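In: A structural model of the following input is requested.
(one chain, ligands or ions: 1)
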Amino acid sequence: MRQHERERCIARIADLPGRLRELVADLDERQLSAHTIPGEWNVAQNVHHLADSHMHAFLQVKTGLSEDNPLISNYDQDRYALLPESGQPPVAASLDLLDALHSRWVVLWRSLDEAQLARTTRVMPDEKSAAAGGQIRCRSLEQILASYAQHGEDHLDQIGRTILAAAGDPGLRPAFPVTLYKTSIRAQGRRTIWNSSPSYAFR
Ligand code: NI
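Out: Presented below is the predicted three-dimensional model:
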């Protein structure tokens, strides 16, 4: 990965908490907990998942820096999302957590040199993935950086689609102009992200 691509990934990690907060801050409990897209998580599950996932990844990076190709455990994200603590509102604590966590994560990423970014970790499949034949995956810290920069985008996208899916339901449709616009990121290939912007109201 070139230096400017790395910096772009770090910038995305730096920006995620603010963009996420902007997207969900004014949603009420019903809107946060509505499953507006069948089979997908609600907004609250997405927010808690980002906090859980990125805490796990932060520790993965630090373990990779302090041990030699360590073996890291994984977790069943769908079961996490069904726990009452991480399956429903409120989301304020997870938003605060992401603010603090990403502040530290960005300082950590910016401190790493080439040799450190090339260090590796191995991630075990969680129980369900292992039963389906999942294998241990070896990933460099640089691959983890790219992966989690994209992970934030993916969940902003999912939250955006979840909010948009409520547009036809007066009981769930946000009362404020929700702010979603589409941007194609050709350089990253094929992705469409939802971003927040005061200029667009979906109503
Ligand atoms: Ni995810």
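In: what about the residue positioned nearest the centre of the chain, helix or strand, and which?
Out: By Cα atoms, centre = their mean, the mean C-alpha position of the chain lies nearest to Gly152, the distance being 3.2 Å. Using DSSP states H and E, Gly152 falls within helix 141-164.
In: now do Glu5
Out: Here Glu5 is assigned to helix 3-24, by DSSP H and E.
In: I'd like the distance from that helix to the chain centre, please.
Out: Its chain's C-alpha centre and that of helix 3-24 lie 10 Å apart, by Cα atoms, centre = their mean, to the nearest Å.
In: what does whichever helix or strand comes after it contact?
Out: Downstream of helix 3-24, the next assigned helix or strand under DSSP H and E is helix 29-33. Here helix 29-33 makes contact (Cβ atoms under 8 Å, 6 or more residues apart in numbering) with 24, 42-44, 47, 88-91, 163, 166, 171-172, 174. From N, CA and C alone the C-beta is placed, and that goes for glycine too.
In: pretty sure Ala57 is touching Tyr148, no?
Out: Yes: counting by Cβ atoms under 8 Å, Ala57 touches Tyr148, with 5.3 Å between them.
In: quick one: which of the two has more around it?
Out: Using other Cβ atoms under 10 Å as the criterion, Ala57 and Tyr148 rank with Tyr148 on top: 24 against 20.
In: secondary structure element for the residue of the chain positioned farthest from its centre?
Out: No residue in the chain sits farther from the centre than Pro170, which is 28.2 Å out by Cα atoms, centre = their mean. Using DSSP H and E, Pro170 sits within no helix or strand.
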